[in-house]
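>>> coords below, sequence missing:
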């Protein structure tokens, strides 16, 4: 993630906003740091390098990511807020990408000033460090769109000029009129050949220079010969090549090819968008300890291994490192897929990209930039976005000898016919070149894959790897991970069991009041339950203590101040002072936490037990049933305890499961399945099952851990519905069927038409029509995929119905 | 039908003009965020 830094402009004398490196009391410290002119090139550029309309002398253009945007109306509010700041000349906010481009005058304002204005408007701006890459992509995107529009628009017009010649009976059109129409077609074809075909010609030239053959070479050759023959036909109708013109075939051909390419770039950009979200995850600056023991705020890229940094709660760790002081909870959900915050104390490692949730810690930096796991994951995502489906590679491989044959055949046919009639000879060669449709052959796979991917994206499944559609279509076994996959990351309160009947709401209110201070999943579940039942906020809490891994202790009193204040403990049976047969951690085998009253003598009295359950994902059992119906084997591999896994497996209808699997065990189990000749799809939640996801023939990632889970999984489902797995498999099978049909069609069409063309029975207009129709058929066939078959999932109950152990509460 | 001899060249010129318009639209970024301008009408004041 290194950035190329343009030389920083010198600070002007008498600068009204001298850069401050000091730590400001609130969160604007980062922004003050951005006032350092050395930082500006990293998220923007000087406007004098811009050309044309966007020119503002001396101004800077900065790109920022806006946090807190919810709707399009926000974009307008933000634009207004920014434009009110003196010195801001222009602000464009895009609601779709949550980004803003701000043009401002360094003489009158500073980034921290307009960022402060945004903060007052209720939003937060982060510098977009990937601005250059974005600009580059936008330029490419515009250029591609423009080429495509030129080809499309000119094709339509050329068709209009060609139409009279299609329908006219001999003698209907005067000689002059025919010539005029040809002239008009020639003029309109010029932009197509000179501009829209540019990429094909340049790539064909490159291929010739490198002495290799690719799809672009015959395409470019066909375009070139067609254009030359048609041009000669236009200007010298009495000449050796006759008076036929093929501008209609030519422009249509170009338009179809460009359409395919454009669709391909669009898909690539979508995956790149997810990448940017990840890139902007690292904080721009950190608090570094100086030799004197103070802390100064410095940019992340100035950090060095061995530096000690202070990370405040709510900040992301900027580098891999080791905690030296302090104890906190870290949210590593994005990196590991493990949503439960993990304890980090002195000596334990923290990873870049994870969040500090609880309290300030000192971290000694051990890995930076390219060395962090975060950066490696980002690199992985980048490479995945540029893969080519294997079937498309296969088509390219078949295409190569096929193309050589076509070129040879065209040359031979021309040579054969030349002695009798040069015009006819060249016509035959052109017919051969035009009629053979490398276009249909090369579009066959990508078009089908892309429309399948597009349909999936619309229904909430992101395809990371097009090739996986092919592997997925052959899958006969699906392996599920438990936590975060079959279950949601969060928990729910399953039952409240007070010792005195009728006190459910009272004990829940107390427990929730205590839990509101904690980030533990159990606490969140209690708070959520209280909110649902409307008993939140009836109690106040004082002197709260959290004992990590055990529970909470606090004084609890009614919110109106009446009644006594009770000393309560919430947590494991041991923490609550109750003897329990299971004991152990916070959640024992029955998945319960206790609420107990501590009297003046230090004796605890049980008040209530809360039974918590993992929250089963929507349609879990329906999805499993659907997979079984499709004849697939369904397995469950989990790192959890055997009893919990067994209960869950029973409730969703999975008969084959394994518990207490380390990632290596999961991998071994998967390899064993594969050794039996099974094609395995793995459904997991993120990187902690990364190796397993990678080893599977196809893989799904579910849940909130999305951007990084994308790195390893072929399909990413940001939503909640496990039924997507069933539907995606069905669509993948459909897609591969369509690809086969397309390839067969292209092959059959060529096998039939090439001999006809060589024999001279194929006039060039028919060849052009055949070429266009064969491409059109391929595209239309693929378009069938864009409608997802709404296969009804079998109905099944989605609730954990297994009874909980009752012994512990007795 | 002689008017066609004028109209056809005229249509060629028109096509080139429209292409110019398209160029302007694409490079002004009009196709980059197609919803936003429509939503602008909803703003207050």
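That came through, no problem. None of the values given here were measured: they were computed from a predicted structure.
>>> Give me the distance between the two termini of stretch A:627-642.
The separation between the terminal residues of stretch A:627-642, taken as C-alpha to C-alpha, to the nearest Å, is 24 Å.
>>> Residue A:510 is in contact with residue A:527, correct?
No. Counting by C-beta atoms under 8 Å, residue A:527 stays clear of residue A:510, with 12.0 Å between them. To be clear about C-beta, it is placed using only N, CA and C from the backbone, and glycine gets the same treatment.
>>> Which one of these two is surrounded by more residues?
Neighbours per residue, other C-beta atoms under 10 Å in any protein chain shown: of residue A:527 and residue A:510, the larger number sits with residue A:510, 28 against 21.
>>> Helix or strand next in line after the helix or strand hosting that one, which one?
Here residue A:510 sits within helix A:504-515, counting by DSSP states H and E. Using DSSP H and E, the helix or strand that follows helix A:504-515 in sequence is helix A:521-533.
>>> Quick one, grab the pLDDT at the residue nearest to residue A:596 when sequence neighbours are not counted.
In space, and not counting its chain neighbours, residue A:596 is closest to residue A:576: 3.8 Å by C-beta to C-beta, 6 or more residues apart in numbering or on different chains. At residue A:576, the model reports a pLDDT of 75.
>>> quick one, phi/psi of the residue in the stretch 301-450 of chain A positioned nearest to chain B?
The shortest separation between the stretch 301-450 of chain A and chain B is 19.4 Å, found at residue A:450 (distances taken as C-beta to the nearest C-beta). As for residue A:450, its main-chain torsions (degrees, to the nearest 10) stand at phi -70, psi -40.
>>> Next one: it from residue A:744, what distance?
If you measure residue A:450 against residue A:744 using C-beta to C-beta, to the nearest Å, the figure is 19 Å.
>>> which one of these two has more residues nearby?
A side-by-side neighbour count of residue A:450 and residue A:744, using other C-beta under 10 Å, places residue A:450 first with 23 against 11.
>>> Count the residues that sit near residue B:38.
Residues contacting residue B:38 under the criterion other C-beta under 10 Å number 9.
>>> now swap in residue A:234 and tell me
The local packing of residue A:234 (other C-beta under 10 Å) involves 20 other residues.
>>> buried sites along the helix or strand where it lies?
Assigned by DSSP H and E, residue A:234 falls within helix A:216-235. Buried positions in helix A:216-235, judged by neighbour count with 16 or more other C-beta atoms under 10 Å in any protein chain shown: A:216-227, A:229-234.
>>> repeat for stretch A:605-619
Of the residues in stretch A:605-619, those buried by neighbour count under the rule 16+ other C-beta under 10 Å are A:606-617, A:619.
>>> Buried residues of stretch A:119-128, list them for me.
The neighbour-count check on stretch A:119-128 (16+ other C-beta under 10 Å) flags A:119, A:121, A:123-128 as buried.
>>> From the contact counts, what lies against the longest helix belonging to chain B?
The helix of greatest length in chain B, counted in residues with DSSP state H as the criterion, is given as helix B:4-27. Of the remaining helices and strands, those touching helix B:4-27 by 3 or more C-beta pairs under 8 Å, 6 or more residues apart in numbering or on different chains; DSSP states H and E are helix A:131-167, helix A:175-191.
>>> quick one: the shortest one to helix B:4-27, angle?
Spelled out, it's helix A:175-191. Angle of helix A:175-191 versus helix B:4-27, following axes from the mean of the first three to the mean of the last three C-alpha atoms, to 10 degrees, is 10 degrees.
>>> immediately after helix A:175-191, which helix or strand?
Proceeding N to C from helix A:175-191, the next assigned helix or strand is helix A:198-209, under DSSP H and E.
>>> Now for chain B, the helix or strand with the poorest mean pLDDT.
helix B:34-40 (a mean of 70; mean pLDDT, DSSP states H and E).
>>> Residue of chain B nearest chain A, please.
Closest point on chain B to chain A, by C-beta to the nearest C-beta, is residue B:39, at 4.1 Å.
>>> That residue and residue B:25, how far apart?
Summarising the geometry, the distance separating residue B:39 from residue B:25, computed by C-beta to C-beta, is 19 Å.
>>> In contact with residue A:183: list those residues for me.
Residues in contact with residue A:183 (C-beta atoms under 8 Å, 6 or more residues apart in numbering or on different chains) are residue A:234.
>>> again, 10 Å this time
For residue A:183, the contact set (C-beta atoms under 10 Å, 6 or more residues apart in numbering or on different chains) comprises A:161, A:234-235, A:245, B:8-9, B:12.
>>> Could you do residue A:414 as well?
Taking C-beta under 10 Å, 6+ apart as the contact definition, residue A:414 lies against A:422, A:424-430, A:432-433, A:758.
>>> In PyMOL, how would I select just the buried ones from those residues?
Of the contacts of residue A:414, the buried ones can be selected in PyMOL as follows, counting by 16+ other C-beta under 10 Å:
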select buried, chain A and resi 424+425+426+427+428+429+430+432+433+758
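>>> Just the contacts of residue A:414: which are in helices?
The helices in this structure, assigned by DSSP H, contain A:422, A:424-430, A:432-433, A:758 from those.
>>> Fine by me, we can end here.
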